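Chemist: got a predicted structure here, sequence first:
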Amino acid sequence: MAADESVQRHRARWLSQMDLTTVVAVMALAVSGLSFYRSYIYTKQDLEVTVTEVSYVTNQGGVYMTVAFSNGGNRDAALLRVEPALWIRRDKPKGEWVPLANRVHPDIPLASPKMPTIVRAGGIEVVTLSADLDPQRAEEAMVSSQGGAFLGIRVATMNSDGNLFLLQHPVARLVIDKEGRIHNAEPAIHRSLSGFLDIDGAPPGDQLQSNKKTPFVWADQHS
């Protein structure tokens with residue numbers, strides 16, 4: 001009788017160990033299958049664009065911006081072009097964003113890192129922009145109804161499927177006083193933008209209140 005009980009206990013332990021081994025093997029197989037699915041079958045395209053800083057050294061004519069690109073997807077994203085821009089009416093009744101393409105110094109690039117570049121899946125890329133802008137030109141671009149001139153960004157991207165996107169959006173309003181001179185600056189964006197949407201934003205920009213997505217914005221008074 002005791003021998004039968006011993007055999008039964010041994011068999012129970014063996015079956016328990018077999019069950020545990022089976023469970024572990026099934027779990028490992030499931031994790032491997034999920035990893036394969038996420039890597040080779042499932043596609044998530046997600047690129048967030050956040051302007052973190054805008055400054056205009058007015059009397060020296062230098063515009064400086066910092067823009068962070070966060071890739072929350074599982075595919076790489078391409079930054080084809082990132083540039084500061086000024087809102088100008090020209091001959092168009094609604095105006096348009098005109099890139100600032102002049103360097104503040106021959107040794108300082110317009111964008112760093114150099115474009116085009118890649119934002120790896122799950123990674124972050126911080127781009128710094130530097131461009132020359134004569135304050136008189138900015139003052140002449142004043143939007144009368146808004147009491148200021150507008151600085152913006154133009155970003156051209158491509159996702160892993162080869163689709164192209166262009167986003168344009170105000171980032172700062174250069175406040176212009178009654179004498180027609182730049183007085184200071186205020187943020188015109190309070191959120192992150194999708195890098196995989198076509199956005200054609202015009203002044204005055206976001207109407208949201210300042211929050212954790214609002215960039216630091218500064219400009220000195222034009223003397």
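Modeler: On my side now, so go ahead.
Chemist: which stretches of this protein form helices?
Modeler: Remark: helices assigned in the chain by DSSP state H are 2-36, 135-140.
Chemist: comparing those helices by mean pLDDT, which bottoms out?
Modeler: Among the helices of the chain, helix 2-36 carries the lowest mean pLDDT, at a mean of 60.
Chemist: how about the residue sitting nearest the centre point of the chain: what's its closest non-neighbour residue?
Modeler: Centroid-nearest residue in the chain: Val49, 1.3 Å away (criterion: CA atoms, centre = their mean). Nearest residue to Val49, sequence neighbours excluded (CB to CB, 6 or more residues apart in numbering): Leu193, at 4.4 Å. Where C-beta positions appear, they are placed from N, C-alpha and C, glycine not excepted.
Chemist: how long is stretch 88-107 end to end?
Modeler: 28 Å (CA to CA, to the nearest Å).
Chemist: let me redo that: stretch 144-162
Modeler: End-to-end distance of stretch 144-162: 40 Å, with CA to CA as the criterion.
Chemist: try stretch 185-196
Modeler: 29 Å.
Chemist: same check on stretch 216-223?
Modeler: Terminal residues of stretch 216-223 are spaced 22 Å apart (CA to CA).
Chemist: quick check: can you list the domain ranges of the protein?
Modeler: 1-42, 47-219 (automatic domain parsing).
Chemist: tell me the pLDDT at Ser144?
Modeler: According to the prediction, Ser144 has pLDDT 85.
Chemist: pLDDT wise, what is Asn163 at?
Modeler: pLDDT, read off for Asn163, is 97.
Chemist: again with Trp87
Modeler: For Trp87, the model assigns a pLDDT of 97.
Chemist: tell me the bridge partners for it.
Modeler: Per DSSP bridges, the residues bridged to Trp87 are Trp97.
Chemist: thought it was touching Phe150?
Modeler: Yes. The criterion here is CB atoms under 8 Å, and Trp87 meets it with Phe150 at 4.1 Å.
Chemist: I'd like to know how far the residue nearest to the centre of the chain sits from Gln221.
Modeler: 30 Å (CB to CB, to the nearest Å).
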